[in-house]
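>>> Could you look at this predicted model? Sequence included:
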Amino acid sequence: MGRRFTGFIVYISRTDVIMKPQELLRDIEKGKLLPLYYFYGPEKWLMDEALNKIKERVLNPATRDFNLAVLDAEEGDPEMILSSLQVFPVLSSRRLVVIRRADVLWKKGLSFFLDYILNPNPSTCAVFLGEKVDLRTKFFQGLGKKGAVISFYPLFEKEIIRWVRLQAGQLGYSISAPAIDLLLDRVGPSLRELSLELQKLTLLPENRKSIEEEDVQALTGDMRDESPFELSRAAGRFNLREALRVLRKNLQQGEPLPLLLSLIVRQFRLIRKAQELRGEGMDKKAIEAKLRIPPGGAEDFWR
């Protein structure tokens, strides 16, 4: 991996296109940034956290308003977006340009935008926010030479437990294992909802710095209304505790057991077939089309 110095931030070049969120956060902490990022996936809390970290690293509070542009690719003119990317910073070494709903840019295959991807403005850090990717397109092939794609997908159970402990620690509290278990049962895996509930759980007497199970029992209600499809997904991700919890909730909601079991069986059949197709060299998009899975649905089969 080569790297070059530009101002106060180290811009790094990469040979791998996909970067994990944790890897991105480590690079940001070290002051290492790429000129181009493409964020996608359903876990918006992690995406927002990463974007905020980039803002903190790139922008000076005194000149933030001059050097931050937030644009919408579906509503804005692509040429206007390109012009914004090429603007030089004001009284600073860096600008940050955030492009929301960026899928339209690569789907249209705009040639002038591809030229920018291959030769980005060194004083601009551009963050594209999209819903999905197609690494076969020229857009992402070019972006991989100068930037990285970050996939923000839901964490596994062990990762969520570590995340809860870390978040509680950042708030100045410890949290017991039974408290985490009950919190996940009541709130679910949404990091945004868990973050809000953790903040609520810090409203303890001043001399208390440990969150216990009884605190969760008293301050957190059961917020989840599960569908049978959540059960099949949890089972497909081999998250036993989550699958059992969702199964119990669905039975309480009156869902018939044969229906729930059939959905689980169907999910494992899809996983087996997807793995076979993957072994034959088929990519995610082709597998989704072949198995009639919604866009992004094959992501779990890759994990």
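Here it is on my side, so go on.

>>> Tell me the buried residues in stretch 112-125?
For stretch 112-125, the neighbour count (16 or more other CB atoms under 10 Å) marks 113-114, 116-117, 120-121, 123-125 as buried. C-betas here are computed from N, CA, C, even on glycine.

>>> whoops, stretch 184-202 was the one
Within stretch 184-202, the residues that qualify as buried are 184-191, 193-195, 197-198, 201, counting by 16+ other CB under 10 Å.

>>> For that stretch, which outside residues touch it?
43-46, 154-155, 157, 160-161, 163-164, 167-168, 171-173, 175, 183, 211, 215-216, 219-224, 241-242, 245 (CB atoms under 8 Å, 6 or more residues apart in numbering).

>>> run the last query once more with 7 Å
Here stretch 184-202 makes contact (CB atoms under 7 Å, 6 or more residues apart in numbering) with 43-46, 154, 160, 163-164, 167-168, 171, 173, 183, 211, 215-216, 219-224, 245.

>>> Kindly list the main-chain dihedrals of the residue minimising distance to the centre of the chain?
In the chain, the residue lying closest to the centroid (CA atoms, centre = their mean) is Phe152, at 2.0 Å. Here is the backbone geometry of Phe152 (degrees, to the nearest 10): phi -100, psi 90.

>>> Same question for Ser232.
Dihedral pair for Ser232: phi -60, psi -40, per degrees, to the nearest 10.

>>> Neighbours of it, how many?
22 (other CB atoms under 10 Å).

>>> I'd say it and Val265 touch.
No. Counting by CB atoms under 7 Å, Ser232 stays clear of Val265, with 8.8 Å between them.

>>> any shared contact partners between the two?
Counting by CB under 7 Å, 6+ apart, Ser232 and Val265 have no common neighbour.

>>> Now do the same contact list for Ser210.
Neighbouring residues of Ser210 by CB under 7 Å, 6+ apart: 173-174, 176.

>>> which residues of this structure score low on pLDDT?
Within the chain, the ranges that satisfy pLDDT under 70 run 1-17, 109, 222-229, 236, 293-303.

>>> what's the domain layout of this structure?
3-151, 155-224, 225-303 (automatic domain parsing).
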